[in-house]
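Enquirer: here is a sequence together with a model predicted from it:
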Amino acid sequence: MPSPFFFQNILTRKPKFNKYSFLFDGVNEYIDIDNVKTALASTTVGTWTVWVKPLAISNMVLIGFGDTDANSLIQINPYTDFLIYCTCINAGTTQWQVKTTNAAISNGVWVHIGLVQDGVSPVIYINGVAVALTWLYTTNKTIWFNNIAGLDNGRIGSRSFNNGGNVLFVNGNIDEVGFFNTNLSAAQNLEIYNSGKPKNLLAHSASTNLVSYFRMGDRDTFDGTNWTLYDKKGTNNGTSANMESGDLSVVVP
C-alpha cells in the first residue's frame with residue numbers, strides 16, 4: 001500500500017504550468033495579432049520570445065509584422081538551411097537582415113528563440129544564449145517599429161506583406177509567445193529559457209515591460225470556427241484563421 005506521503009505529494013503537487021501548444025499545418029493556418037502591432041507601434045527597442053518545434057522545416061515565418069501595400073516588415077524566419085533569419089524592411093529598403101551563423105533549429109526538437117532590438121543592433125538568442133550572427137544587410141541596424149511606416153498586420157505562424165497575402169506558413173508547434181517593450185539582457189533571456197521549461201512571463205523579472213503574452217492554448221477558447229487567444233498581459237487578443245479544435249496540442253517544451 002502506498003505510504004501517506006505518496007498521497008500527500010499528489011494533493012500538494014502544483015498543476016503543470018504549460019499544458020498546451022498549437023499545431024500549425026504548414027498550409028494555411030495562422031494567428032492574427034494585429035492588435036499587438038498597434039500596441040508596439042511607438043517602440044524603439046524590444047524583445048520577441050517564442051518556442052517552436054518544427055515538423056518539416058521550410059521557408060516559414062514564426063512571427064511577422066507586415067503591411068498591406070507599403071513593402072515594410074519585421075519577421076523571424078527559419079529557413080531550409082536550419083538557420084534563423086531576422087529581417088526588417090522599411091518602404092522597400094531592407095534596413096537589416098541577419099542570420100545565425102550556425103544551425104539553430106531542427107525537425108522534431110523544441111527550441112526557444114529570442115529576438116532583441118536594443119536600439120543599436122538586433123541580437124538573436126537561441127535557448128537563452130546570444131549566438132554568432134552573419135549580417136546580410138546593414139543599412140540601419142537601429143530600425144524598429146517606431147521607425148517603420150505602414151505596418152498593418154501582425155501574425156503568428158505566417159506573414160502578410162506587401163499585397164502578398166498570408167504566406168510562409170509554419171509546419172509544427174508554436175508555444176509561449178511574448179512581446180516586451182524593452183531590450184532584455186542576456187540574463188533575462190536565459191531566465192525565459194529556464195533550462196528548457198518555459199518561464200511564466202507574468203512572473204519574469206521584466207514583466208512590467210511585457211506588452212502581450214500568448215500561452216498558445218492554455219485557457220484559450222474555440223467557438224466552433226476560430227480560436228481566441230487571450231493576451232495574458234494586455235488586451236490584444238489574437239484570433240486564429242483556418243485552425244480546428246484539434247490543433248490544440250499537448251506537445252509542449
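Expert: Structure's in. What do you need?
Enquirer: the stretch 151-253 of the chain: strands as residue ranges?
Expert: 151-156, 159-160, 166-167, 171-180, 210-214, 221-222, 227-229, 238-241, 248-249 (DSSP state E, counting those that start in this stretch).
Enquirer: does anything pack onto the second one? Which helices or strands?
Expert: Translated: strand 159-160. Judged by 3 or more CB pairs under 8 Å, 6 or more residues apart in numbering; DSSP states H and E, the packing partners of strand 159-160 are strand 63-67, strand 151-156, strand 166-167. For every residue, glycine as well, the C-beta is placed using N, CA and C.
Enquirer: surely Val45 is in contact with Asn183?
Expert: Yes. With contacts counted by CB atoms under 8 Å, Val45 reaches Asn183, the gap being 4.5 Å.
Enquirer: show me where the stretch 1-150 of the chain has strands.
Expert: With DSSP E, counting those that start in this stretch as the criterion, the stretch 1-150 of the chain has strands spanning 21-25, 30-32, 46-54, 63-67, 73-78, 84-90, 93-100, 111-117, 122-126, 129-130, 133-137.
Enquirer: TSV please, covering those and showing mean pLDDT and distance to Asp247.
Expert: Formatted as TSV, these follow (pLDDT from 0 to 100; distance: least, CB to CB, whole Å):
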stretch	mean pLDDT	distance to Asp247
strand 21-25	98	5
strand 30-32	98	10
strand 46-54	98	14
strand 63-67	96	18
strand 73-78	97	19
strand 84-90	98	24
strand 93-100	98	28
strand 111-117	98	20
strand 122-126	98	26
strand 129-130	98	30
strand 133-137	98	33
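Enquirer: wait, which of the helices and strands packed on strand 159-160 is closest to Phe17?
Expert: Phe17 lies closest to strand 151-156 among those, at 20.1 Å (CB to CB).
Enquirer: and the closest one with strand 84-90, angle?
Expert: 170 degrees (axes from the mean of the first three to the mean of the last three CA atoms, to 10 degrees).
Enquirer: isn't Thr101 right next to Ala130, touching?
Expert: No. Counting by CB under 8 Å, Thr101 stays clear of Ala130, with 11.7 Å between them.
Enquirer: pull up the overlap in contacts between the two.
Expert: Counting by CB atoms under 8 Å, 6 or more residues apart in numbering, Thr101 and Ala130 have no common neighbour.
Enquirer: name the residue closest to the centre of this structure, please.
Expert: Val50 (3.5 Å; CA atoms, centre = their mean).
Enquirer: over to the residue nearest to Thr38 when sequence neighbours are not counted: give its phi and psi.
Expert: Leaving aside its chain neighbours, Thr38 sits nearest to Asn236 (7.5 Å; criterion: CB to CB, 6 or more residues apart in numbering). The phi/psi pair for Asn236 (degrees, to the nearest 10) reads phi -100, psi 60.
Enquirer: now do the closest residue to Asp118 other than its chain neighbours, the pLDDT please.
Expert: Nearest residue to Asp118, sequence neighbours excluded (CB to CB, 6+ apart): Asn183, at 3.8 Å. pLDDT recorded at Asn183 is 98.
Enquirer: buried set for stretch 145-154?
Expert: Phe145, Ile148, Leu151, Asp152, Asn153, Gly154 (16 or more other CB atoms under 10 Å).
Enquirer: save those as JSON lines, and put in distance to Asp81 and pLDDT too.
Expert: Below are the buried residues of stretch 145-154 laid out as JSON lines (distance: CB to CB, whole Å; pLDDT from 0 to 100):
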{"residue": "Phe145", "distance to Asp81": "28", "pLDDT": "97"}
{"residue": "Ile148", "distance to Asp81": "27", "pLDDT": "93"}
{"residue": "Leu151", "distance to Asp81": "27", "pLDDT": "90"}
{"residue": "Asp152", "distance to Asp81": "30", "pLDDT": "90"}
{"residue": "Asn153", "distance to Asp81": "26", "pLDDT": "94"}
{"residue": "Gly154", "distance to Asp81": "26", "pLDDT": "97"}
